[in-house]
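**Q** Turn this into a model:
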Amino acid sequence: MNRFAGKLALQQRALPTYRAPFFDLLASRCDGGMSLFTGVPRASEGITTTGELQVASYKLGKNIHLFGGPLYLCYQQGLLNWLEEWNPDALIVEANPRYLSTSSAVNWMHAQDKPVIGWGLGAPPVSGFREQRRISFLRQFDALIAYSQRGADEYADLGFPLDRIFVAHNSVSPSPTWEMPQRPLTFDLQPVILFVGRLQLRKNVDLLLGACAEIQNIRLVIVGDGPEREEFESLAAEIYPSAEFVGAKHGEELAIYFAEADLFVLPGTGGLAVQEAMSHGLPVIVAQGDGTQDDLVREGNGWQVPPDDLDALVAAMKDALSDVARLRRMGEESFRIAREEINIERMADVFAAALNALTVK
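**A** As a prediction, the model looks like this:
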């Protein structure tokens, strides 16, 4: 277990509820303590936030949101005051050039001869002025932590030194403390396919309903709520009326649905529940995305399908359900990955290692 001997400051645009366990765990690894600074997201984003942390200190600033869509920018009021008050030994910030106050925070830390680490998804290819702006933005950091190996490779492609790039696989779940769930080598009447997530258009629940309608003889359980629930329920009534919309579930209530399932399917973007499904020993089908899924979902435990491709989703689901013994083995591999490789404990280890690489002389 890696520890950081100093005092850490960490900036985020907002504090989603799902991130709180990681921030508290990271704070517990910082001998000098950790303070988190965030603002509040726009109401239209539908992000469930919290203002409570058990271990880390928390400072709420003011996000000033500018423009929207691809032109969106954010200025965080109070960021420098917080840094001056906390006076950390190191700072970790989101490596997002849309946040206008970041460079001032970096400059303040560097004036104190203290390091700053950028934490981000990566840097998908762009060209011309945008690429030069991105390179200039990234060069201000002393190290980068990428959510995925693909993200790390993108940073390296822009010329950032390899020995200062770290991969902390994006995780929201702890390593499972329970044993691998045991499932029979036959389906119980029908295979059970599970979806867990916010019911919004980008989750592509309509594709999942369409795939089940084509395959038939599937028990489809949809856990979650959101702005498009009524629309999805109306579609289900037309094409797959047996689909079960059970609403939002958490904790032990949600664990029951994971235990009953044979396969987890996430046909859209996002997907924090993928790791939770894997920790319950489920093989997974996910849409290809920003690279974070590449590390989670491999040939041994699941399938990645192109987004918005109904035929590919149907083919993957049929393949998954065609061999129950193989499906169970893939579930065991999912459980192993969640227990040994991708969890918030391993993520905190990488953060501490990155901090130590910059501060331990």
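**Q** In the stretch 151-300 of the chain, mark out all the helices, start to finish.
**A** For the stretch 151-300 of the chain, applying DSSP state H, counting those that start in this stretch gives helices covering 205-215, 229-239, 251-260, 273-279, 292-296.
**Q** closest to residue 53 out of these?
**A** Of all these, it is helix 251-260 that lies closest to residue 53, at 19.0 Å by Cβ to Cβ. In short, each C-beta sits where N, CA and C put it, glycine included.
**Q** can you list contacts of the closest one?
**A** Helix 251-260 is contacted from outside by 181, 192, 194, 196, 221, 223, 246, 249, 264, 276-277, 280, 282, using Cβ atoms under 8 Å, 6 or more residues apart in numbering.
**Q** Enumerate every residue touching residue 49.
**A** 14-17, 40-41.
**Q** just to revisit the earlier point, of the contacts of helix 251-260, closest to residue 104?
**A** When the contacts of helix 251-260 are compared against residue 104 (criterion: Cβ to Cβ), the nearest one is residue 276, at 37.3 Å.
**Q** Okay, now the unreliable bits of the protein?
**A** By pLDDT under 70, the low-scoring segments of the chain are 271, 290, 361.
**Q** How is it partitioned into domains?
**A** 8-173+343-359, 192-340 (automatic domain parsing).
**Q** Same list (those) but as a markdown table, adding distance to residue 1.
**A** Putting the domains of the chain into a markdown table (distance: least, Cβ to Cβ, whole Å) gives the following:
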| stretch | distance to residue 1 |
| --- | --- |
| domain 8-173+343-359 | 7 |
| domain 192-340 | 15 |
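**Q** now for the contacts of residue 49, which pair is the farthest apart?
**A** 17 and 40 (13.1 Å).
**Q** more neighbours, these two?
**A** residue 40 (17 against 13; other Cβ atoms under 10 Å).
**Q** wait, that one sits on residue 63?
**A** Yes: with contact defined as Cβ atoms under 8 Å, residue 40 and residue 63 form a contacting pair (5.7 Å).
**Q** Find residues that contact each of the two.
**A** Contacts common to residue 40 and residue 63, judged by Cβ under 8 Å, 6+ apart, are residue 14.
**Q** Let me know whether residue 186 touches residue 321 as I believe.
**A** No: assessed by Cβ under 8 Å, residue 186 is found out of contact with residue 321, at 11.9 Å.
**Q** neighbour-wise, which of these two wins?
**A** Just comparing residue 186 and residue 321: by other Cβ under 10 Å the higher neighbour count belongs to residue 321, 18 against 9.
**Q** now the more buried one: how far from residue 310?
**A** 17 Å (Cβ to Cβ, to the nearest Å).
**Q** What residues sit buried inside stretch 312-322?
**A** 312-314, 316-317, 320-321 (16 or more other Cβ atoms under 10 Å).
**Q** Mind listing residues that contact it?
**A** Contacts of stretch 312-322 with the rest of the structure, by Cβ under 8 Å, 6+ apart, involve 187, 191, 193, 207-208, 211-212, 214-215, 218, 262-263, 265, 267, 283, 285, 303, 305-306, 327.
**Q** Please apply the same query to stretch 189-201.
**A** Under Cβ under 8 Å, 6+ apart, the answer for stretch 189-201 is 46, 203, 205, 208, 212, 217-229, 232, 249, 254, 257-258, 260-266, 268, 270-271, 273, 276-277, 282, 317, 321.
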